[in-house]
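In: Predicted model, plus sequence, below.
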Amino acid sequence: MTLLKSRDLLVRTRTRLTNAIRGVMKAVGLRLPTAGGTTFPSKTALLVPEELKPSLLPLLETISHLNKQIYQFDKVIDRVAREKYPQTVRLRQISGVGPVTSLQYVLTIGDPNRFAHSRDVGAYLGLTPRRRQSGDVDQQLRISKAGNRRLRSLLVQCAQYLLGRFGPDTDLKRWGARMAERGGKNAKKRAIVAVARKLAVLLHRLWVTGDTYRPLYNAMGWSPGSAFSQAS
């Protein structure tokens, strides 16, 4: 858990530095193109005006150093997950779920058998909407945000990947895409949270049953017993 916390701190520090640099560049009328954390320093360094180099280049160098440290953490976390927590390998059958998310999930849940039903995991992680009930009123509010903030954030990131352009075609993606198409300015946000919640349930189901994950269970008409069918 200390490894995961340390890595998270480095990632958040990198994000703050990146946002600060974008803010400075925007203030002088320059909008930086989209770039991942690893490529941001090299791409941005080419666009920094001469008068801003003394203040921004040291920050870019710091981000490059953070990238190297995060990469080292990733290697250690991958090794620890495989050697000490082999159940994480089963969870990584789902595209987008890597060593960090799977290890955080296993360490946060602890004993999977303490949940009578897999769907209970969504509420435990604060991914289910709160409700305001009074008389004839039954209003659905925002998610409760209870439980482990770091794991909830990781699951949301996985959901964003699954629903994004690079996410593979799966039942989970199709289900989330249909929800996002229902309309409304917040439809996509609700779909991401809903996919994150279903992903939390699916990971628990894979863990306790040892099933093989079938990405297109519904589309291909697999026989009952699939982890996705149990999570649906």
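Out: Arrived safely. Numbers count the residues shown, from 1 in each chain.

In: where's stretch 69-87 relative to the chain centroid, distance-wise?
Out: Remark: stretch 69-87 is offset 17 Å from the chain centroid, using CA atoms, centre = their mean, to the nearest Å.

In: looking at the chain, which helix or strand is least sure?
Out: strand 137-143 (a mean of 48; mean pLDDT, DSSP states H and E).

In: mind listing what's buried in whatever helix or strand comes next after that strand?
Out: With elements assigned by DSSP states H and E, the helix or strand that comes after strand 137-143 is helix 149-163. By neighbour count with 16 or more other CB atoms under 10 Å, helix 149-163 contains the buried residues 150-152, 154-156, 158-159, 161-163. Using the backbone N, CA and C atoms, a C-beta is placed for each residue, glycine as well.

In: and which of those is nearest residue 49?
Out: Nearest to residue 49, judged by CB to CB, of these is residue 161 at 33.9 Å.

In: contacting residues around the closest one?
Out: Contact partners of residue 161, counting by CB atoms under 8 Å, 6 or more residues apart in numbering, are 95-96, 167.

In: Redo the residues you listed as CSV? Include distance to residue 105.
Out: Formatted as CSV, the contacts of residue 161 follow (distance: CB to CB, whole Å):
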residue, distance to residue 105
95, 15
96, 13
167, 19
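
In: would you turn the residues you listed into a markdown table with secondary structure?
Out: Converted to a markdown table, the contacts of residue 161 look like this (DSSP: H, G, I helix; E, B strand; the rest coil):
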| residue | secondary structure |
| --- | --- |
| 95 | coil |
| 96 | coil |
| 167 | coil |
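
In: And the helix or strand encompassing residue 4, what does it pack against?
Out: Using DSSP H and E, the element containing residue 4 is helix 2-27. Other elements packing on helix 2-27 under the criterion 3 or more CB pairs under 8 Å, 6 or more residues apart in numbering; DSSP states H and E are helix 40-45, helix 53-84, helix 99-109, helix 149-163.
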